[in-house]
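K.L.:
here you go, sequence then predicted model.
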Amino acid sequence: MYRYLFFDLDGTLFDFSEAENRAFYQMTAKLGFEATADQMQTYKACNEACWKAFERFEITQATLKVKRFEDFFASEGLDIDASLASRTYQGYLAKQGILYKESRPLLEELIARGYTLYLATNGIADVQHGRIEQSDTGRYFKEVFISEEIGVQKPDAQFFSFMLEKTGLEGKKSECLMIGDSLNSDILGGLSYGLDTLWLNMGGTHTNTTTVVPTYEMHSLPEMLDLFASLY
């Protein structure tokens, strides 16, 4: 039976897409230009490419913060300071504590059932702490683990090793479950370290074309409650 649940943050409990949209348009307005929806999509592609490169250990997080804007401005032919854009964007993003509507009821019910909850995210520390504070969700989690503070990121085994050592759960892997939306960082990382995993494939919109096989696949947050009830 699972007793310790490690949740990813973005795309799992927090609506990062909406947070990203708001922060992006606030940033561009602050820098003096009115971005289009197409430019928003171009930025998202640049950002996603940088995060994938980061997960493959090809770039550092410090590089990622600025490079996504360098790539975006270059693709749009815009002469704007990428470092300034990065700082401005991160400031706005840190204020976007936007949860999925099912997240808080889920967390409250899990706490009521006696589970111990943790957060495990690859995000930027200042941004993630700001969003957790804005959403008033810190009280649900015994500890929060952020890659920038740890010095390694999911799916690196050192990320998971650090978490379980810090929580004293190295000898209780069978009671731990890693929950996230990313097959690569959350599921592959958890499985590689010997943890059971739950892939949150929201709405069942993604097809798993990889060799990564999660222990469980759920299509909504409320489904988890039924799963955990069935495992007693």
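P.N.:
Perfect, thanks for sending it.

K.L.:
what's downstream of the longest helix seen in the chain, the next helix or strand?
P.N.:
Across the chain, the longest stretch assigned as helix under DSSP state H is helix 37-55. Toward the C-terminus, helix 37-55 is succeeded by helix 61-76 as the next helix or strand (DSSP states H and E).

K.L.:
report the angle between the helix or strand following that following helix and helix 37-55.
P.N.:
Downstream of helix 61-76, the first helix or strand assigned by DSSP H and E is helix 82-93. Angle, helix 82-93 to helix 37-55, by axes from the mean of the first three to the mean of the last three CA atoms, to 10 degrees: 100 degrees.

K.L.:
other SSEs contacting helix 82-93?
P.N.:
Applying 3 or more CB pairs under 8 Å, 6 or more residues apart in numbering; DSSP states H and E, we find helix 82-93 packed against helix 16-30, helix 61-76, helix 125-135. Glycine gets a C-beta too; all of them are placed from N, C-alpha and C.

K.L.:
how far does that helix sit from its chain's centre?
P.N.:
19 Å (CA atoms, centre = their mean, to the nearest Å).

K.L.:
does the residue lying closest to residue 2 once chain neighbours are set aside count as helix, strand or coil?
P.N.:
Sequence neighbours aside, residue 177 is the residue nearest to residue 2 in space, at 4.6 Å (criterion: CB to CB, 6 or more residues apart in numbering). What DSSP: H, G, I helix; E, B strand; the rest coil gives for residue 177 is strand.

K.L.:
let me see the domain layout of this protein.
P.N.:
As assigned by automatic domain parsing, the chain contains the domains 4-15+97-230, 16-93.

K.L.:
contact partners for the residue most central in space within the chain?
P.N.:
Against the mean C-alpha coordinate of the chain, by CA atoms, centre = their mean, the closest residue is residue 10 at 3.3 Å. Contact analysis of residue 10 by CB atoms under 8 Å, 6 or more residues apart in numbering lists 16, 121, 123, 181.

K.L.:
for the last one, grab phi and psi.
P.N.:
So that's residue 181. phi -100, psi -10 (degrees, to the nearest 10).

K.L.:
how much space between the residue nearest to it when sequence neighbours are not counted and residue 186?
P.N.:
Excluding the flanking residues, the one nearest residue 181 by CB to CB, 6+ apart is residue 11, at 3.8 Å. Residue 11 sits 9 Å away from residue 186, going by CB to CB, to the nearest Å.

K.L.:
between these two, which contacts overlap?
P.N.:
Taking CB under 8 Å, 6+ apart as the criterion, residue 11 and residue 186 both touch residue 180.

K.L.:
who has more neighbours out of these two?
P.N.:
The neighbour comparison of residue 11 against residue 186 (other CB atoms under 10 Å) goes to residue 186, with 29 against 16.

K.L.:
quick one: pLDDT of the closest residue to residue 70 other than its chain neighbours?
P.N.:
Leaving aside its sequence neighbours, residue 70 sits nearest to residue 82 (CB to CB, 6+ apart; 4.4 Å). The score at residue 82 is 97. That number is its pLDDT.

K.L.:
I appreciate the help and will end here.
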